[in-house]
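In: make a model of this:
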Amino acid sequence: MSKKKNYKYGYKSRGNSIFIVVGVMFALLIIAGIASSVYEKDMDVHALEIQENMITLPLNGISEDISYYSYDHDGTYMELLAIEDSHGHIVLGMNTCYSCYASGQGYFEQTGDTLTCHNCGNVYSLDSHNTTVSTEVCAPLPITEAMYTSDGESITIDTSQLDVYVPVFEQWSR
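Out: Okay, the predicted model is just below:
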C-alpha cells in the first residue's frame, strides 16, 4: 500500500470520528435541554416575602399537587413544601432533611400520594407524615400545626419558628 492511500484512509477515518463526536455532543446538548426544562417545570418555586418576621402562604395555592416556596432568612435561602394529603389535611415541611441535605440533592418530589427524596430515594407517605424532627430518617423537616396559624385563607408562620432549620440551609447546595 502506498503512503498516499494510507494518508487518504487515515484522513477519512479522522473525518468520520470528528463527525461522530460532534453528533454525540449535539445529541447530549438536546437531551440536557429537555431535562432542564422538565426539571424547571417540576420544581416551580414561589418566592415568599417576609413582613414583620412573618411569611404567609395562601391556602388557595395548596392542593394535592406539591407547591414549593422559598424565602430569604437573613441571607440564608430556605425552601418549604406544601401539599394536601388524601384526607384534605395540609402537610407543610422544609424541602430537605437532616440525612440528605448536604448532598445537594436532598429535596423532595411528588410521586402520587408520596414524596420521594431525590438523593436517597426514600419514600415518604403524606398520610402518615411525622411531626418530630429526626436526624436519622430521611423525611421533610416538619412544620407542625403548633408552628403556624391559619385564618382559613392563608397560613402564617413566624420565621423564628423555623430558626432551628437555618443551619441545614446554610450548607444546602440545591
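
In: can you list the weak-confidence ranges in this protein?
Out: Scanning the chain for pLDDT under 70 picks out 1-43, 128-136, 173-174.

In: what segments of it are helices?
Out: 3-42, 166-170 (DSSP state H).

In: for the chain, which strand is longest?
Out: In the chain, taking DSSP state E as the definition, the longest strand is strand 76-84.

In: so what's the residue count around Y148?
Out: Residues near Y148, counting by other CB atoms under 10 Å, number 20. All C-beta spots, glycine's among them, are computed from the backbone N, C-alpha and C.

In: show me what contacts the residue nearest to it when sequence neighbours are not counted?
Out: Leaving out its chain neighbours, the residue that sits closest to Y148 by CB to CB, 6 or more residues apart in numbering is I157, at 4.5 Å. Taking CB atoms under 8 Å, 6 or more residues apart in numbering, we find I157 in contact with 54-57, 143, 147-148.

In: could you do Q171 as well?
Out: Going by CB under 8 Å, 6+ apart, Q171 touches 101-102.

In: and G61, by the same measure?
Out: By CB under 8 Å, 6+ apart, G61 lies in contact with 46, 67, 82.

In: put the buried members of the residues you listed into a PyMOL selection.
Out: Command for PyMOL that selects the buried part of the contacts of G61, burial taken from 16 or more other CB atoms under 10 Å:
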select buried, resi 67+82
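
In: about what we covered before: now the contacts of I157 as TSV including distance to N95?
Out: Shown next, in TSV, are these (distance: CB to CB, whole Å):
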residue	distance to N95
M54	20
I55	14
T56	18
L57	13
I143	11
M147	16
Y148	16
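
In: tell me the one of those nearest D72?
Out: I55 (10.3 Å; CB to CB).

In: not counting sequence-adjacent ones, nearest residue to that closest one?
Out: In this structure, I55 finds its nearest non-sequential neighbour in L48, 4.8 Å apart by CB to CB, 6+ apart.
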